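**Student:** missing the sequence, but the structure's below:
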């Protein structure tokens, strides 16, 4: 049974009214079959029609010794003529994505292999002169171990999340029953606590569905479930 372990590479970064050329989003070590999910949202440019592109560069290397040379190329926006970057792209160790003009969001899921495993660095590069941008980024890094077990014990993740989900829903129903049987003593905080329990149960339910698909190797459906969960929470908040 195979599945992904979420790592400590979960980052939410916010930038407001910045005129930087290069934004370093994350650098993280990813092994073979590891997965990185990159999302950029609420992207706003002060002058969307300005010449140039806003791009995402994903660069991998066994060491970090090339990063200073890479940053020099990025700061000068020499993305298509830099030998280091061209070589990395040809060797499948780097990928460059242009974000379309007027697009306020961008996302990509990439899986590491034996060629590009190592240090992964993700940058947003603003090659629009005299333009400030606002955006947030979310980076999720997952490693795929040999077995889909929790580090605390030999518990398959789908089973763990399903049982936890059922317990949370039972607790929500129990709490709702107490509210209906004691309406005179119920305060707003008690109803808020019920909503918290309900949302926690729903979140765990989505995790259970996600890990079930991952354990069967259907990663595409699993990541659609994950993206739907994120969009749902953004809508509710």
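**Tutor:** Structure received. All values derive from a computational prediction rather than experimental measurement.
**Student:** any idea of the mean pLDDT in the longest helix along the chain?
**Tutor:** The longest helix of the chain (DSSP state H) is helix 188-215. Across helix 188-215, the average pLDDT comes to 77.
**Student:** Break the chain down into its structural domains.
**Tutor:** Taking automatic domain parsing as the criterion, the chain consists of the domains 5-143, 157-236.
**Student:** Format the ones you listed as JSON lines; extra columns: mean neighbour count.
**Tutor:** All C-beta atoms are positioned from the backbone trio N, CA, C, and that covers glycine. Output for the domains of the chain, formatted as JSON lines (neighbours: other Cβ atoms under 10 Å):
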{"stretch": "domain 5-143", "mean neighbour count": "16"}
{"stretch": "domain 157-236", "mean neighbour count": "15"}
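**Student:** mind listing the strands for this structure?
**Tutor:** Under the criterion DSSP state E, strands of the chain are mapped to 5-6, 11-18, 22-30, 35-45, 54-61, 94-99, 106-111, 118-126, 133-143.
**Student:** quick one on the thing from earlier: lowest average pLDDT across the domains of the chain?
**Tutor:** domain 157-236 (a mean of 74).
**Student:** Could I get the phi/psi values of the residue of the chain positioned farthest from its centre?
**Tutor:** Centroid-distance maximum for the chain: residue 184 at 44.1 Å, with Cα atoms, centre = their mean. Here is the backbone geometry of residue 184 (degrees, to the nearest 10): phi -70, psi -30.
**Student:** State the distance from it to residue 176.
**Tutor:** Residue 184 sits 16 Å away from residue 176, going by Cβ to Cβ, to the nearest Å.
**Student:** same thing with residue 75?
**Tutor:** Counting by Cβ to Cβ - residue 75 and residue 176 are separated by 57 Å.
**Student:** now residue 84
**Tutor:** Residue 84 is 60 Å from residue 176, by Cβ to Cβ.
**Student:** cool, and residue 169?
**Tutor:** For residue 169 relative to residue 176 (Cβ to Cβ), the value is 10 Å.
**Student:** ditto for residue 121
**Tutor:** For residue 121, the distance to residue 176 - Cβ to Cβ - is 48 Å.
**Student:** hang on, residue 20 packs against residue 126?
**Tutor:** Yes. With contact defined as Cβ atoms under 8 Å, residue 20 reaches residue 126; the gap is 6.8 Å.
**Student:** ok, back up a step: just how off-centre is the longest helix of the chain within its chain?
**Tutor:** In terms of Cα atoms, centre = their mean, to the nearest Å, the centre of helix 188-215 is set 19 Å apart from its chain centre.
**Student:** Make 56 the first number, not 1, from now on.
**Tutor:** In the new numbering, first residue 56, that becomes helix 243-270.
**Student:** helices or strands next to it in the packing?
**Tutor:** Packing contacts for helix 243-270, counted by 3 or more Cβ pairs under 8 Å, 6 or more residues apart in numbering; DSSP states H and E, involve helix 212-236, helix 274-291.
**Student:** gap between the first one and the chain center?
**Tutor:** Same thing as helix 212-236. For helix 212-236, the distance to the chain centre is 28 Å (Cα atoms, centre = their mean).
**Student:** can you check stretch 138-158 too?
**Tutor:** 19 Å.
**Student:** Quick one: end-to-end length of it, please.
**Tutor:** 29 Å (Cα to Cα, to the nearest Å).
**Student:** How about stretch 115-130?
**Tutor:** Note: stretch 115-130 ends 18 Å apart using Cα to Cα.
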